[in-house]
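Student: what's the 3D shape of this:
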Amino acid sequence: MDKGIPRRRREGCAMPEQMDAAAVLAGAARIEATARARSRWYVRYLWMFACWQLILVPAVLLWHGMVGAMASSGANAVVAVSLGMFAVRQPVMPQGYARQHLRMIGAWVAAYGLALALGFLVFTDSVAFAAAAAVVCALPAVVTAWREGRTT
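Tutor: Next up is the predicted model:
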């Protein structure tokens, strides 16, 4: 046979450099898959936040007096701290997490503030408004969860 071509190459075997490169690429793919799987926590976080709005907003708008204010504020504090602890303990942050999360929280603050203002000043004791306001307050988290779920 041809003496100028190494035996490994003539027999169709991969060169050590190619095998090393393939191993590195396989390792990178494994790391990427692990990171993607671990970044799905944010979607769960957003769905929990959205579900909490469906409870919190009607409670705040329909439960009047000191007891209602204290109970809904206390429950909101417990849920906010729990969700915050859940987020901090996650090993992977999705790409662009801070900007995306601040945008979602900003939209929620606007919706929640408007819902409270209208609910207390215009639609006092309206169950229909409280239900609609709860859905509107949940929308920023739902939309963000839907977008984030498509990318992970």
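Student: hmm, who's touching stretch 110-123?
Tutor: 53, 57, 60-61, 126, 129-130, 133-134, 136-137, 139-140 (Cβ atoms under 8 Å, 6 or more residues apart in numbering). The way it works is simple: take the backbone N, C-alpha and C, and place the C-beta from them, glycine included.
Student: low-scoring stretches of the chain, by residue?
Tutor: Low-confidence segments of the chain, defined by pLDDT under 70: 1-15, 29, 31-39, 92-94, 151-152.
Student: just the buried members of the contacts of stretch 110-123?
Tutor: Those of those that meet the buried threshold are Gln53, Val57, Val60, Leu61, Phe129, Ala130, Ala133, Ala134, Val136, Cys137, Leu139, Pro140, by 16 or more other Cβ atoms under 10 Å.
Student: list just the nearest of those to Gly106.
Tutor: Gly106 lies nearest to Pro140 out of these, by Cβ to Cβ, at 8.2 Å.
Student: in contact with Ala141, which residues?
Tutor: So Ala141 contacts Leu46, Trp47, Phe49, Ala50, Gln53, Met104, Trp108 (Cβ under 8 Å, 6+ apart).
Student: Leu139 too?
Tutor: By Cβ under 8 Å, 6+ apart, the contact list for Leu139 reads Ala50, Ala107, Ala111.
Student: just the ones in helices from those residues, please.
Tutor: Ala50, Ala107, Ala111 (DSSP state H).
Student: what's the nearest residue to the second one if we skip its chain neighbours?
Tutor: Same thing as Ala107. Pro140 (3.8 Å; Cβ to Cβ, 6 or more residues apart in numbering).
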